[in-house]
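In: Could you work out the structure for the sequence below:
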Amino acid sequence: MQLEGQDLASLFEKYFQKTASPEERDQLARLLDDPGTREETLRLLSETWEKYRGGDPVITEEKAENILGFILHHDHSSPQDLALVRKGNFRWWAAAGVAAAVLLAIVIWSGQISHRGRMQQPAIVRKADIPAPSGARTTLILGRGHRIDLDSAGKGEQVRDGNVMVTKNANGEIVYKGGLDEAGQISYNTLSTARGGQTMIRLDDGTKVWLNALSTLRFQSTFHGAERAVELSGEGYFEVAKNVHSPFIVKIARGGEVQVVGTSFNVNAYADEPVVRTTLVEGAVKVAAHGGTQRLEPGQEAAFGEVGNIKLDRDADVGLVTAWKNGYFWFENTDIHTLMRQIGRWYDVSVEFRGNMSEEGYSGKVPRSVPLSAVLKILVRSGVACRIEGEKLIVTP
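Out: Here you go, the predicted model:
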């Protein structure tokens, strides 16, 4: 098809470089809305993917995220217009003019959400938006009952409670230095994140722990004796300080444990997930549950449910599993219920499904720093009908 005026490729590039005029954005929207340009658009996306996927990236991941963030926050659509539907003609992206830039930015950092199945007409996203969470939303309760709201603590601030010193570093890291209480006994501390919270703490032995949203870590005031034991509910990433004389043990609140000496690994043990997953990044761990054990090598994952044997995945995607720690949602053929559980925890919304949802999977990578509406924009394009009602997210086929 011969395009009138500037061609699609030229407009594609101008919008991505943020040099397109309002007239050019309107022309781009019209071209993307024209079924006759479908083949050309797919070719451009394919060429872009081939251009950026191999070798050294032309732009950094951070810059790509900034570009996406700019588009999602500054396109000329209001939250009520996030997914405008035009009957009888499938609209690739909902808001006029934003389509090409969003698709291109997403492709560059391999983040295009796709639905493995037939594309459906997107639904309208309505009601008020829900912004990305701000602050760590983290509370530390010390053994003697002293409660510290770590969001309100200033950077560099120190809190002393008996022999315990808690410091919030300039980068937001929590540094814990403990000891025995006045009676010479070990006490127990509890670090908790709320929905939309995330934090990192360095324990008394130098071990670093990252907690995902709606998670709890219970740990001793100081590590003494033959083992270093902590208890986890929710999800945590551990970089364990090596000590061959004192193994580090993560006891999982819903059952089972992970035993290590010095290593890096992720544990997903949310109560509403069907299984507990331990994924090894480096080093070695032993997972114990239901009377059985499983040793892991880097890149492997062990999973177990309420009953049954431990199942081993010898080729786990470590980057995908730990994406939350690095500020991303990352899905790979993920079912809609698992996907929405992650979204619900992060944006502090309850999710209600109405109707029979597809069993197909979704794939993509999205920054956790964008508002909920930005995530829904991408899901809506994949045929998921979503709407926000107060603090509830309604999802229908």
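In: mind listing the strands for the stretch 101-250 of the chain?
Out: Secondary structure of the stretch 101-250 of the chain by DSSP state E, counting those that start in this stretch: the strands cover 114-115, 138-141, 147-149, 158-161, 164-168, 174-177, 188-193, 199-202, 208-211, 216-220, 228-239, 248-252.
In: wait, which of those strands is closest to Thr279?
Out: Using C-beta to C-beta as the measure, strand 228-239 is the one of those that comes nearest Thr279, at 9.2 Å. Heads up, the C-betas are built off the backbone N, CA and C, glycines and all.
In: strand partners of the closest one, parallel vs antiparallel please.
Out: Using DSSP bridges, strand 228-239 pairs in its sheet with strand 208-211 (antiparallel), strand 216-220 (antiparallel), strand 248-252 (parallel), strand 264-269 (antiparallel).
In: Buried residues, the third one. List them.
Out: Which is strand 248-252. Using 16 or more other C-beta atoms under 10 Å as the burial criterion, the residues of strand 248-252 that qualify are 248-250, 252.
In: Find the helix or strand that Leu339 is a member of.
Out: helix 336-347 (DSSP states H and E).
In: got the angle for that helix vs strand 188-193?
Out: Orientation check (axes from the mean of the first three to the mean of the last three C-alpha atoms, to 10 degrees): helix 336-347 against strand 188-193 gives 110 degrees.
In: which strands and helices sit next to helix 336-347?
Out: In terms of contacts (3 or more C-beta pairs under 8 Å, 6 or more residues apart in numbering; DSSP states H and E), helix 336-347 is packed against strand 328-334, strand 350-353, helix 372-381, strand 392-396.
In: quick one: contacts of that helix?
Out: For helix 336-347, contacts defined as C-beta atoms under 8 Å, 6 or more residues apart in numbering pick out 130, 132-133, 195-196, 212-214, 270, 272-273, 324, 329, 331, 349-351, 353, 357-358, 362, 368, 372, 375, 384, 393, 395.
In: The strands of the stretch 101-250 of the chain: which one's closest to Glu301?
Out: Nearest to Glu301, of all those, is strand 228-239, at 13.5 Å by C-beta to C-beta.
In: where does the stretch 101-250 of the chain have low pLDDT?
Out: In the prediction, the stretch 101-250 of the chain carries residues with pLDDT under 70 at positions 101-128, 182-183.
In: next one: the stretch 251-397 of the chain
Out: In the predicted model of the stretch 251-397 of the chain, residues 378 satisfy pLDDT under 70.
In: on that earlier part again, quick one: distance of the helix holding Leu339 to the chain centre.
Out: On the basis of C-alpha atoms, centre = their mean, to the nearest Å, helix 336-347 is displaced by 9 Å from the centre of the chain it belongs to.
In: And stretch 253-267, by the same measure?
Out: 20 Å.
In: try stretch 293-302
Out: For stretch 293-302 - counting by C-alpha atoms, centre = their mean - the centre lies 23 Å from the chain centre.
In: For it, buried residues please.
Out: Residues of stretch 293-302 classed as buried under the neighbour-count rule (16+ other C-beta under 10 Å) are 294, 296, 298, 300-302.
In: Would you mind checking which of the residues you listed is nearest to Val261?
Out: Leu296 (13.0 Å).
In: which residues touch the closest residue to that closest one other than its chain neighbours?
Out: The shortest distance from Leu296 to any residue that is not its chain neighbour, by C-beta to C-beta, 6 or more residues apart in numbering, is 4.2 Å, and that residue is Leu280. Shown here is Leu280, whose contacts under the criterion C-beta under 8 Å, 6+ apart are 263-265, 296-301.
In: Please repeat the previous calculation with a cut-off of 7 Å.
Out: Going by C-beta atoms under 7 Å, 6 or more residues apart in numbering, Leu280 touches 263, 265, 296-300.
In: Equivalent analysis for Thr139, please.
Out: Under the criterion of C-beta under 7 Å, 6+ apart, the contact list for Thr139 reads 147-150, 192.
In: try Asp151
Out: By C-beta under 7 Å, 6+ apart, the neighbours of Asp151 are 135-138.
In: hmm, which of these are the buried ones?
Out: A residue is treated as buried here by neighbour count (16+ other C-beta under 10 Å); on that basis the buried members of these are 136-138.
In: What is the nearest of the contacts of Thr139 to Arg160?
Out: Ile148 (11.0 Å).
In: Tell me how far the closest one lies from Ser192.
Out: Taking C-beta to C-beta, to the nearest Å as the measure, Ile148 falls 11 Å from Ser192.
In: And for Val250?
Out: In terms of C-beta to C-beta, Val250 sits 16 Å off from Ser192.
In: before we move on, what about Val258?
Out: Counting by C-beta to C-beta, the gap between Val258 and Ser192 amounts to 20 Å.
In: Which one's more surrounded, those two?
Out: Summary of the neighbour comparison: Val258 and Ser192, criterion other C-beta atoms under 10 Å, with Val258 having more neighbours (26 against 20).
In: Touching, Trp226 and Ser246? I think so.
Out: Quick fix: residue 226 reads Ala, not Trp. Yes. With the criterion set as C-beta atoms under 7 Å, Ala226 and Ser246 qualify as a contacting pair; they are 6.4 Å apart.
In: Looking at the two, which one has more neighbours?
Out: Set side by side, Ala226 and Ser246 show unequal neighbour counts under other C-beta under 10 Å, the larger going to Ser246 at 17 against 8.
In: Can you tell me the closest non-neighbouring residue to the more buried one?
Out: Setting aside the residues directly before and after it, Ser246 is nearest to Arg228 in space (C-beta to C-beta, 6+ apart), at 5.4 Å.
In: returning to that earlier point: and of the buried residues of stretch 293-302, the nearest to Lys208?
Out: Comparing every one of the buried residues of stretch 293-302 with Lys208 (C-beta to C-beta), the shortest separation belongs to Pro298, at 17.8 Å.
In: what residues are up against that closest one?
Out: Contact analysis of Pro298 by C-beta under 7 Å, 6+ apart lists 280-282.
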